[in-house]
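> Need the 3D shape of this:
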Amino acid sequence: MPHKAALAVNWTFDVLWPMAKPVAPLAQHALQRCAISLNRGNAVKYTIETAHWRVPSEDRAFDGWLEGRPTPDQRTAILTAVARERENWAPNSEAWGQLRQLQCFVGQRVCVRFWDPIMVLLEEEAPYPILADCHGIALIRRKKFLQAFLILDRIEECPNGSGYSPGKFLERDDKLGCILAPIAEMAEIEDGGLPASQGDNHLSAPAASLQRSGESMALCEYFDIRTLQPGQGRERCPVTSCTAELQGCHCCPNHGIEIHTNTFVYTDPLRNVRFEHEFFKRHILHNKLKAETHRFGNENSEDALTWNVFAALARRRRLAALSRCLSQIDTNGEPELYLWGLRVSLHDPLPAIPFAALCEARCIRGRHKEVSYRT
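A predicted model of the protein is given here:
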């Protein structure tokens, strides 16, 4: 019997493996209840407000910390509390209750969204949703901790304008012949009233590879520390799990990036623009008043960082708050935003006109020709 397998249930709630250790009575009750009827007319959504299946760890101790860098005393106190919680951690009644709630999604094609702490501030930066057939629930012991997973198959990513691939949350289990999704990392699950594909209910066949809706979105995707594996040099693509052979000038054909020492460049610079993509495309990219806009594709581009930060703040009307924080001077209303001498007006149809004072300065100095600005 595989040492890590604790319990697995397929969509008819048949036990595939016995547990390595006896199941608590509450767990037996939670997993052996009759399945809720799958013939519902309306979609059902379940939001996981608290990650009861998440094991406390130092890596996640400061998730959601918004008050600047913790002091040494705060850090020591928090890590001490996390170590104590980890030592005593076991699934509680609320964790088993979540499994009872999730039973209604077994046998359905579902949409799953995973959680990332960045969603506290920027929900659009969340991992992409996935569509998948949900075939059951598995309990597997990992590093002495019992963990709960959804058993998924026929997984399809649903990329949006931002966010990132949720591949790091998914784990292929060859013994179960499926892909496992940790309930501890889920934010929401919803079914669309469609049944999962029928076939081998015991999932003996290997699960299908992770697919993407539409065209290959890897060539349009944004990569950061959540999806990169540093230290690969120029001979390998830094995207996690990529094994593609580089072509030409160290370009990855699967991910559309040119690899340099310790960094990379997007072949399409728009992929590095995370906010107000359409405005940037119409008014900033290739604007002759902004020099070298192709450099926005550099993974470490300061211009791209500037745009992403200030465009996001401008859209949320938070520039005045930033100005007050930095200058300690109260301002009336939102200030106008100018980047590289161009007005960035996101809330009205005005084009990206040059800053008037700069135009006057050019005339005074006799520079009547247009000037491009470097940063």
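> Now residue 115: closest residue in space, sequence neighbours ignored.
Residue nearest to residue 115 in three dimensions, not counting chain neighbours: residue 187, with 4.0 Å by C-beta to C-beta, 6 or more residues apart in numbering. Yep, even glycine has a C-beta here, placed from its N, CA and C like the rest.
> tell me the contacts of that neighbour?
47, 48, 113, 114, 115, 119, 126 (C-beta atoms under 8 Å, 6 or more residues apart in numbering).
> I'd like to know which of those residues are buried.
48, 113, 114, 115, 119, 126 (16 or more other C-beta atoms under 10 Å).
> nearest to residue 136, of the residues you listed?
residue 48 (17.9 Å; C-beta to C-beta).
> Quick check: phi and psi on residue 133?
Main-chain dihedrals, residue 133, degrees, to the nearest 10: phi -80, psi 130.
> Pull the contacting residues for it.
108, 109, 110, 152, 153, 154, 196, 197.
> Okay, residue 105 and residue 130: tell me how far apart.
Residue 105 is 13 Å from residue 130, where distance means C-beta to C-beta, to the nearest Å.
> residues in contact with stretch 306-320?
Contacts of stretch 306-320 (C-beta under 8 Å, 6+ apart): 122, 273-276, 279-280, 284, 296, 322, 331, 333-335, 337, 339, 344, 346-347, 375.
> Can you tell me the SS state at the residue nearest to residue 115?
strand (DSSP: H, G, I helix; E, B strand; the rest coil).
> and the two most separated of the buried ones among the contacts of residue 187?
48 and 126 (13.5 Å).
> what sits in contact with each of these two?
Going by C-beta under 8 Å, 6+ apart, residues that sit against residue 48 and also against residue 126 are 115, 187.
> care to break this protein down by domain?
Domain ranges of the chain: 5-53+91-214, 219-267, 271-364, per automatic domain parsing.
> Out of the ones you listed, flag the one nearest residue 82.
Distance to residue 82, taken as C-beta to C-beta, is lowest for domain 5-53+91-214 among the domains of the chain, at 13.9 Å.
> all strands for this protein, in order.
Secondary structure of the chain, counting by DSSP state E: strands at 5-9, 44-47, 108-114, 130-142, 145-157, 171-173, 178-182, 186-195, 211-212, 251-252, 257-260, 263-266, 337-339, 342-344.
> Export the ones you listed as a markdown table, with columns for distance to residue 81 and mean pLDDT.
Formatted as a markdown table, those follow (distance: least, C-beta to C-beta, whole Å; pLDDT from 0 to 100):
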| stretch | distance to residue 81 | mean pLDDT |
| --- | --- | --- |
| strand 5-9 | 28 | 36 |
| strand 44-47 | 27 | 90 |
| strand 108-114 | 25 | 93 |
| strand 130-142 | 22 | 90 |
| strand 145-157 | 18 | 91 |
| strand 171-173 | 29 | 84 |
| strand 178-182 | 23 | 90 |
| strand 186-195 | 24 | 84 |
| strand 211-212 | 40 | 44 |
| strand 251-252 | 43 | 92 |
| strand 257-260 | 41 | 92 |
| strand 263-266 | 38 | 93 |
| strand 337-339 | 42 | 91 |
| strand 342-344 | 44 | 90 |
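> would you list the ones you listed in TSV and tack on distance to residue 364?
Compiled in TSV, these are given as follows (distance: least, C-beta to C-beta, whole Å):
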stretch	distance to residue 364
strand 5-9	77
strand 44-47	60
strand 108-114	56
strand 130-142	58
strand 145-157	55
strand 171-173	65
strand 178-182	63
strand 186-195	56
strand 211-212	54
strand 251-252	46
strand 257-260	41
strand 263-266	38
strand 337-339	19
strand 342-344	20
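> Quick test: name the residue nearest the centre of the protein.
By C-alpha atoms, centre = their mean, the chain has its centre lying nearest to residue 127, at 2.4 Å.
> Please tell me how far that one sits from residue 266.
20 Å.
> Select, out of the strands of the chain, the one closest to residue 88.
Across the strands of the chain, closest to residue 88 is strand 145-157 (C-beta to C-beta), at 11.4 Å.
> Which other helices and strands does that closest one contact?
Applying 3 or more C-beta pairs under 8 Å, 6 or more residues apart in numbering; DSSP states H and E, one finds that strand 145-157 contacts helix 93-102, strand 108-114, strand 130-142, strand 178-182, strand 211-212.
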